[in-house]
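Enquirer: okay, sequence plus prediction incoming.
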Amino acid sequence: MQSAEYKIGLVISTLSLLEEMKKIADKKALHLEISHKGLDEAISDGKRMEANGVDVIISRLGTAKMLRDNLHIPVLSLPDASIDIFKSLIEASKLGTKIILATFMHKVEGLATIEKLLNIQIYQAVYTDLASMENSMILAKYRGYDLAVGGGLTMQLCQKHNLKYVELQTNVDIISAVFEDAKSVAQINREEQKKAYRYQCIIDATTEGIIAVDDQGRINAINRAACEILKINPRVTGSPISQYLGKNFLQTVLNAKRPVANQIQKIGGELFVFNQLPMQMHDETIGKVLTIKTISNVIKVENEVRRNLTRGLVAKYFIEDLVHKSIPMQEIVLRARKFAQIDSTILIMGATGTGKEILAQGIHNLSKRAKYPFVSVNCGAFPEQLLESELFGYEEGAFTGSRKGGKPGLIELAHKGTFFLDEIDSMPTNVQTRLLRVIQEREVMRLGADQKIPVDIRIIAAANRDLSISVREGRFREDFFFRLNVLRLHIPPLVDRRDDIPVLFDHFIRMFAEKYNLDPIVLPESYVERLMMYSWPGNVRQLRNFVERLVLCSDLGLHIKPLDELYGELAQYQPTVTSVQHEPDAESLRQKMKLTKNNHEAAFIQKALEDSRFCKTKAARKLGISRTTLWRKMNSSS
């Protein structure tokens with residue numbers, strides 16, 4: 001930064017000194033603003049300079065002190081060097097022997113020696129303002145002193161009271177050094193102003209009110225939002241915060257020794273949420289930071305978040321939310337983790353209630369698109385025309401009842417993220433055609449529009465039945481099926497992964513017990529065995545709802561009869577699998593396992609049996625399950 005950019009104010013009442021300072025400033029290419037006033041009369045000019053953007057002011061001692069007390073910008077003083085005082089007294093001794101020396105606030109030490117050397121008497125007229133200076137000089141004149149040494153104000157008083165005057169000289173080198181100091185101070189001050197401005201811009205950028213106070217409770221910083229929320233003037237820096245916030249706030253929030261989180265306070269008839277965090281430095285609290293939100297704004301933000309969640313713009317579930325233990329599900333999750341790192345289309349197939357959307361959301365949250373939207377649509381929940389408008393959006397006037405200004409489709413909203421199409425086997429064929437074009441061209445056209453909009457989305461589709469069958473039946477386009485069937489996952493029903501049933505039971509029991517503030521229930525082992533043998537046609541969704549009923553009924557106390565009644569309701573929808581009464585021999589076991597050789601779980605069990613010479617106790621130990629569980633698995637494979 002060039003020195004010419006700095007603005008330096010000179011408040012000097014001595015005209016000859018002012019001229020000398022202007023010459024030196026010109027050589028240094030400094031921009032000056034000038035005032036000829038001194039002491040308390042100079043304060044108004046100092047404030048004008050501050051308002052005009054002056055970086056630093058230079059003045060004599062007394063005037064400098066008064067300016068510092070009334071301004072916010074730096075003020076430097078011209079020192080009265082001993083050598084300058086001595087030279088001025090030598091000049092004065094040529095005009096008289098009784099000399100007045102005007103000194104600000106304190107007497108100058110060591111003048112007795114000068115009095116002897118020059119054979120003069122010196123009266124130090126100590127002053128604090130213009131009035132006290134005049135009184136001191138009047139008193140000195142009364143005592144016979146007829147000559148004064150000082151600056152411009154001293155000269156004016158000498159003229160007024162008929163006293164001789166000698167100017168207090170200031171060395172050129174001292175003036176030059178003060179200018180250099182002024183440039184350094186101006187540079188530092190500019191940098192501090194930049195820091196303060198950046199800091200203010202940062203805290204003004206948030207909609208949350210922020211106030212910083214020192215250890216005495218005085219406001220150090222406040223942002224625009226806090227001023228608007230509390231309806232106070234932004235120029236409150238330095239004021240006690242107690243002027244603007246109530247006594248209860250001071251006791252519960254500001255004076256709290258520990259951080260305060262989400263404290264609700266009523267101020268001026270309105271409710272606010274406060275947070276308070278102490279500022280610690282070297283184990284000392286140097287201040288506190290407060291954040292403020294109105295209750296209405298908190299509710300507004302919460303509602304906005306809820307709207308986003310319900311619209312499907314956020315993936316709430318992670319891959320870890322897919323509760324499982326069985327080997328088939330472990331393999332599916334492993335494949336899903338790998339597929340998440342690939343940006344190709346995924347087709348998830350599985351019966352209703354198996355957790356297809358949870359898996360889709362988990363894949364999204366593991367992918368590089370995780371920070372972008374997850375938009376889902378149930379293709380079977382909309383009539384054909386409504387599904388088109390939801391998927392592709394529409395322009396204003398596209399059809400009767402269309403929204404003014406049009407509406408973006410769900411595909412547009414999914415830009416950069418993942419678009420999940422549930423029950424895609426229910427999608428009408430003409431919509432399949434349009435969607436196929438979107439997937440291939442990565443462009444979407446709203447209904448009634450003539451321009452295409454580029455979109456970058458990853459498609460995950462889900463179906464309740466095998467789409468290849470729908471293709472053969474002519475209900476699903478073959479080319480659309482091939483485009484979707486790039487990466488494929490199949491979630492088996494619970495009946496094919498019975499090992500997951502106890503794990504899911506435990507998970508949902510804990511979840512609903514916590515939700516309804518109840519103690520987790522413990523079911524009789526015989527009852528668990530019966531539930532294990534049930535086919536669960538509604539899969540995890542049916543099991544979840546059944547567990548919720550169990551937990552709620554437990555509040556009244558579970559007994560065998562109510563348990564039987566609940567189980568009987570299950571049996572109305574699907575009969576339980578008949579249990580085998582006798583243990584099969586080794587040869588029949590081998591034959592049964594051969595029939596299910598393609599099943600991974602059966603293969604593991606068969607190998608364990610063969611390794612243990614068909615000793616079921618050893619085989620169960622090898623597999624890490626109980627003998628009863630092994631017995632059940634062998635029966636279910638028949």
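Expert: In hand now; what should we look at?

Enquirer: have a look at the protein and report its longest helix.
Expert: helix 172-204 (DSSP state H).

Enquirer: show me what it is packed up against.
Expert: If you count contacts as 3 or more C-beta pairs under 8 Å, 6 or more residues apart in numbering; DSSP states H and E, helix 172-204 packs onto strand 7-11, helix 15-27, strand 56-60, strand 75-78, strand 219-222. Using the backbone N, CA and C atoms, a C-beta is placed for each residue, glycine as well.

Enquirer: mind giving me the domain ranges of the chain?
Expert: According to automatic domain parsing, the chain is divided into the following domains: 3-79+173-188, 82-169, 206-298, 319-491, 495-573, 586-636.

Enquirer: wait, which of these is closest to residue 196?
Expert: domain 206-298 (8.6 Å; C-beta to C-beta).

Enquirer: what's the neighbour count on the residue nearest to residue 356 when sequence neighbours are not counted?
Expert: Nearest non-adjacent residue to residue 356, counting by C-beta to C-beta, 6 or more residues apart in numbering: residue 462, 4.1 Å away. Using other C-beta atoms under 10 Å, residue 462 has 25 neighbouring residues.

Enquirer: next one: the one 5 residues further on
Expert: A total of 22 residues lie near residue 467 under the criterion other C-beta under 10 Å.

Enquirer: and the closest residue to residue 268 other than its chain neighbours, backbone torsions?
Expert: Leaving aside its chain neighbours, residue 268 sits nearest to residue 231 (7.7 Å; criterion: C-beta to C-beta, 6+ apart). Note on residue 231: its backbone torsions stand at phi 60, psi 50 [degrees, to the nearest 10].

Enquirer: do you know the pLDDT at residue 231?
Expert: At residue 231, the model reports a pLDDT of 86.

Enquirer: what distance do you get for it to residue 616?
Expert: According to C-beta to C-beta, to the nearest Å, residue 231 and residue 616 sit 79 Å apart.

Enquirer: turn the domains of the chain into a markdown table, including distance to residue 200.
Expert: Converted to a markdown table, the domains of the chain look like this (distance: least, C-beta to C-beta, whole Å):
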| stretch | distance to residue 200 |
| --- | --- |
| domain 3-79+173-188 | 15 |
| domain 82-169 | 36 |
| domain 206-298 | 7 |
| domain 319-491 | 30 |
| domain 495-573 | 45 |
| domain 586-636 | 63 |
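
Enquirer: closest to residue 197 out of those domains?
Expert: Of those, nearest to residue 197 by C-beta to C-beta is domain 206-298, at 11.8 Å.

Enquirer: residue 15 and residue 52: what is the separation?
Expert: Counting by C-beta to C-beta - residue 15 and residue 52 are separated by 22 Å.

Enquirer: cool, and residue 205?
Expert: Distance from residue 205 to residue 52, by C-beta to C-beta: 29 Å.

Enquirer: run a quick neighbour tally on the nearest residue to residue 395 once chain neighbours are set aside.
Expert: In space, residue 395 comes closest to residue 448 once its chain neighbours are excluded; the distance is 4.1 Å by C-beta to C-beta, 6+ apart. Residue 448 has 16 neighbours, counted by other C-beta under 10 Å.

Enquirer: what's the answer for residue 334, then?
Expert: Neighbour count of residue 334, defined by other C-beta under 10 Å: 10.

Enquirer: was I right about residue 261 contacting residue 277?
Expert: No. Using C-beta atoms under 8 Å, residue 261 is not in contact with residue 277; the gap is 9.0 Å.

Enquirer: in terms of neighbours, single out the busier of these two.
Expert: A count of neighbours by other C-beta under 10 Å puts residue 277 above the other of residue 261 and residue 277, at 14 against 11.

Enquirer: name the element that one belongs to?
Expert: Assigned by DSSP states H and E, residue 277 belongs to strand 270-281.

Enquirer: which residues of the stretch 301-450 of the chain fall in strands?
Expert: Along the stretch 301-450 of the chain, the segments classed as strands by DSSP state E, counting those that start in this stretch run 346-350, 374-378, 393-394, 407-408, 418-422, 443-444.

Enquirer: now do the contacts for residue 340.
Expert: 319, 362, 363, 364, 366, 367 (C-beta atoms under 8 Å, 6 or more residues apart in numbering).

Enquirer: so which of the domains of the chain gets nearest residue 198?
Expert: Of all these, domain 206-298 sits nearest to residue 198, with 12.2 Å by C-beta to C-beta.

Enquirer: the closest one: end-to-end distance?
Expert: Here the two ends of domain 206-298 are set 14 Å apart, with distance taken as C-alpha to C-alpha, to the nearest Å.

Enquirer: leaving out the residues flanking it, which one is nearest to residue 547?
Expert: residue 508 (3.9 Å).

Enquirer: measure the one you found to residue 619 for me?
Expert: Taking C-beta to C-beta, one finds residue 508 at 30 Å from residue 619.

Enquirer: tally of neighbours for the closest residue to residue 411 other than its chain neighbours?
Expert: Using C-beta to C-beta, 6+ apart and skipping residues adjacent in sequence, the residue nearest residue 411 is residue 444, 4.9 Å away. Counted with other C-beta under 10 Å, residues neighbouring residue 444 total 25.

Enquirer: residue 349 now?
Expert: Residue 349: 21 neighbours (other C-beta under 10 Å).

Enquirer: find me the pLDDT at it, would you?
Expert: The model's pLDDT for residue 349 equals 94.

Enquirer: going along the chain, name the helices of the stretch 251-400 of the chain.
Expert: Under the criterion DSSP state H, counting those that start in this stretch, helices of the stretch 251-400 of the chain are mapped to 295-310, 327-340, 356-366, 384-392.

Enquirer: what mean pLDDT does the first one get?
Expert: Over the span of helix 295-310, the pLDDT mean works out to 66.

Enquirer: then stretch 190-198?
Expert: pLDDT averaged over stretch 190-198 gives 87.

Enquirer: what about it, distance to the chain center?
Expert: Its chain's average C-alpha position is 24 Å from that of stretch 190-198, according to C-alpha atoms, centre = their mean, to the nearest Å.

Enquirer: so which residue is smack in the middle of this structure?
Expert: Centroid-nearest residue in the chain: residue 206, 9.2 Å away (criterion: C-alpha atoms, centre = their mean).
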